[in-house]
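S.K.: predicted coordinates and the sequence they were generated for:
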Number of protein chains: 2
Amino acid sequence: MAKTISAKRQERRAPASGEVQERQPLTRYHQLIRAAGKLFEEKGYQGASVRDITHAVGITSGSFFYHFATKEDVLFAVLEGGMTEGLQVVARKLDGARTPRERLHALISGHLEALHSEYSYAHKVWLREWRQISPEKRLPLEALSQTYRNVWLSVLQEVKSEGLIATDTALFRRNAVGALNWTIHWVRNPTPEQLRRLADDFVYALLNEARPGDAVVAGPDMGGAEPVR
Amino acid sequence: MAKTISAKRQERRAPASGEVQERQPLTRYHQLIRAAGKLFEEKGYQGASVRDITHAVGITSGSFFYHFATKEDVLFAVLEGGMTEGLQVVARKLDGARTPRERLHALISGHLEALHSEYSYAHKVWLREWRQISPEKRLPLEALSQTYRNVWLSVLQEVKSEGLIATDTALFRRNAVGALNWTIHWVRNPTPEQLRRLADDFVYALLNEARPGDAVVAGPDMGGAEPVR
DNA sequence: CCTACCGATCGGTAGG
DNA sequence: CCTACCGATCGGTAGG
């Protein structure tokens, strides 16, 4: 029954809030989430079958339903895990930032990091596949989104009161997040160094300020070209 | 054979380049494209079946393959039609624009119009489903994208030489297009008036200039709220 | 454009 | 976690 599976999942959850994640071998449960995340990113939620996922971790398809009651449940686990982790990355960055400008930079670099880290398929999947999650399951994910939105808005208020932003902070936020998320279409497998550089560029670009050093981003199209305009 | 179908499709194509599209009843072929576009936007390419599409226009599923050799072919038709039309919209807007600032405004408002017009599902589908198109079929679509990219870059050069843009035009373009495309997540069924207002706001927002009148966009979340951050 | 059908694959289940 | 299987649905085809 679903209750049993749900209970099992709770036991298997990642270590709570503050604890540092040790590099121990993944449980089957987490192997499945990771494999599902990669496959959903590659082929889409509907395009990746339960058999694809179980094949990737070396078990048979029936065994999938020992760990998850439905296919949708593993999608939920992918999204919830990724968004929670993303929030933590950003919070950590913000901790070390004092001035409004530094805090904006922290937000940008945290967002880019969450979006382009090795296991960040969750965010790309969220951007493409949130429609596939039933409204009830979507609720807790929307709550995480809302929290994140508020973090941005409060930082942008600080930045605006310094006179660095001329427009409405709500629109500024949406445009900034849109531009940052758009990088999934043209930034591919960036090195940490490229990511740092990109975050710097973004601060200047979003504020429409000239960059002190020069004004050109690394290369015409970092990574492979993407068809999306 | 596929050749036959392909030939038929050619006959049934929309009137060439310059001609004005009369409000005549749609052919089955175009009915199918339109229905497919809507369904792909709603449920995704994989989520919408051939039966869904044919049901929407009132024919049986087998008849689909009289008009298209494969399901992928109707996706291609949706995308090619939408992108071609989008290019025309922008070109028309640019024709009436003189100063660099006006030309930037034309680009922005054309882009928003193409993205939010009643039959603009094509662009939303392209943003989400381009992976589903085989590389060979993707090529002509990429060419259309490339053309559009170049239009943006040449206008941005003009804008930059006026001193309105401080950063690299390539990055500015990507961020602008990313921010504009992001509106599909938070703008819903805008009126022409709202769309005009939004285009105005975007010019100021992207240039990070204060808006003369005031500084607030229409409402906190025009249309329904979307979960995507 | 319809009827009737194909082999393949889907998410999910029973029983161990 | 496996084997064996389910009913449903998929894209696509043959023949008219």
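M.R.: Perfect, thanks for sending it.
S.K.: name the element the residue lying closest to A:Asn175 once chain neighbours are set aside belongs to?
M.R.: The spatial neighbour of A:Asn175 that comes closest, neighbours along the chain excluded (C-beta to C-beta, 6 or more residues apart in numbering or on different chains), is B:Ala179 at 3.7 Å. For the C-beta atoms, the positions are set from N, CA and C on the backbone; glycine is no exception. Here B:Ala179, judged by DSSP states H and E, is contained in helix B:169-182.
S.K.: what does A:Glu158 give?
M.R.: In this structure, A:Glu158 is located in helix A:135-161 according to DSSP H and E.
S.K.: would you mark the buried spots in that helix?
M.R.: Applying a neighbour-count criterion of 16 or more other C-beta atoms under 10 Å in any protein chain shown, one finds A:138, A:141-142, A:144-145, A:148-149, A:151-152, A:155-156, A:158-160 buried in helix A:135-161.
S.K.: can these go into JSON lines with extra columns for distance to B:Arg92?
M.R.: Written out in JSON lines, the entries for these read as follows (distance: C-beta to C-beta, whole Å):
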{"residue": "A:Arg138", "distance to B:Arg92": "39"}
{"residue": "A:Leu141", "distance to B:Arg92": "40"}
{"residue": "A:Glu142", "distance to B:Arg92": "39"}
{"residue": "A:Leu144", "distance to B:Arg92": "42"}
{"residue": "A:Ser145", "distance to B:Arg92": "37"}
{"residue": "A:Tyr148", "distance to B:Arg92": "39"}
{"residue": "A:Arg149", "distance to B:Arg92": "36"}
{"residue": "A:Val151", "distance to B:Arg92": "41"}
{"residue": "A:Trp152", "distance to B:Arg92": "36"}
{"residue": "A:Val155", "distance to B:Arg92": "40"}
{"residue": "A:Leu156", "distance to B:Arg92": "36"}
{"residue": "A:Glu158", "distance to B:Arg92": "42"}
{"residue": "A:Val159", "distance to B:Arg92": "38"}
{"residue": "A:Lys160", "distance to B:Arg92": "36"}
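S.K.: which one of those sits closest to DNA strand D?
M.R.: A:Arg138 (22.5 Å; C-beta to the nearest atom of the strand).
S.K.: hmm, that closest one is touching A:Trp130, no?
M.R.: Yes: with contact defined as C-beta atoms under 8 Å, A:Arg138 reaches A:Trp130; the gap is 6.7 Å.
S.K.: now A:Glu209: closest residue in space, sequence neighbours ignored.
M.R.: Once its chain neighbours are removed from consideration, A:Glu209 has its nearest residue in B:Ala166; the separation is 5.4 Å (C-beta to C-beta, 6+ apart).
S.K.: using the three-state scheme, assign the spatially most central residue of chain A.
M.R.: In chain A, the C-alpha closest to the average C-alpha coordinate belongs to A:His123, at a distance of 3.3 Å (C-alpha atoms, centre = their mean). When states are read from DSSP: H, G, I helix; E, B strand; the rest coil, the local structure at A:His123 comes out as helix.
S.K.: so it sits against A:Gly81, correct?
M.R.: No: at 10.8 Å, A:His123 and A:Gly81 do not qualify as touching, with contact defined as C-beta under 8 Å.
S.K.: SS state for the nearest residue to A:Ala205 once chain neighbours are set aside?
M.R.: Closest residue to A:Ala205 apart from its sequence neighbours, by C-beta to C-beta, 6+ apart: B:Thr167 at 4.5 Å. Put simply, B:Thr167 is coil when judged by three-state DSSP.
S.K.: got the angle for the helix or strand hosting A:Arg197 vs helix B:192-207?
M.R.: Counting by DSSP H and E, the secondary-structure element that holds A:Arg197 is helix A:192-207. Taking axes from the mean of the first three to the mean of the last three C-alpha atoms, to 10 degrees, one finds that helix A:192-207 is oriented at 120 degrees with respect to helix B:192-207.
S.K.: buried residues in helix A:192-207?
M.R.: Going by neighbour count (16+ other C-beta under 10 Å), the buried part of helix A:192-207 is A:Gln194, A:Leu195, A:Leu198, A:Ala199, A:Asp200, A:Asp201, A:Phe202, A:Val203, A:Tyr204, A:Ala205, A:Leu206, A:Leu207.
S.K.: as TSV, the residues you listed with pLDDT and distance to DNA strand D would be great.
M.R.: Output for those, formatted as TSV (pLDDT from 0 to 100; distance: C-beta to the nearest atom of the strand, whole Å):
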residue	pLDDT	distance to DNA strand D
A:Gln194	97	37
A:Leu195	97	34
A:Leu198	97	39
A:Ala199	97	39
A:Asp200	97	44
A:Asp201	96	42
A:Phe202	97	40
A:Val203	97	45
A:Tyr204	96	46
A:Ala205	95	41
A:Leu206	96	41
A:Leu207	95	46
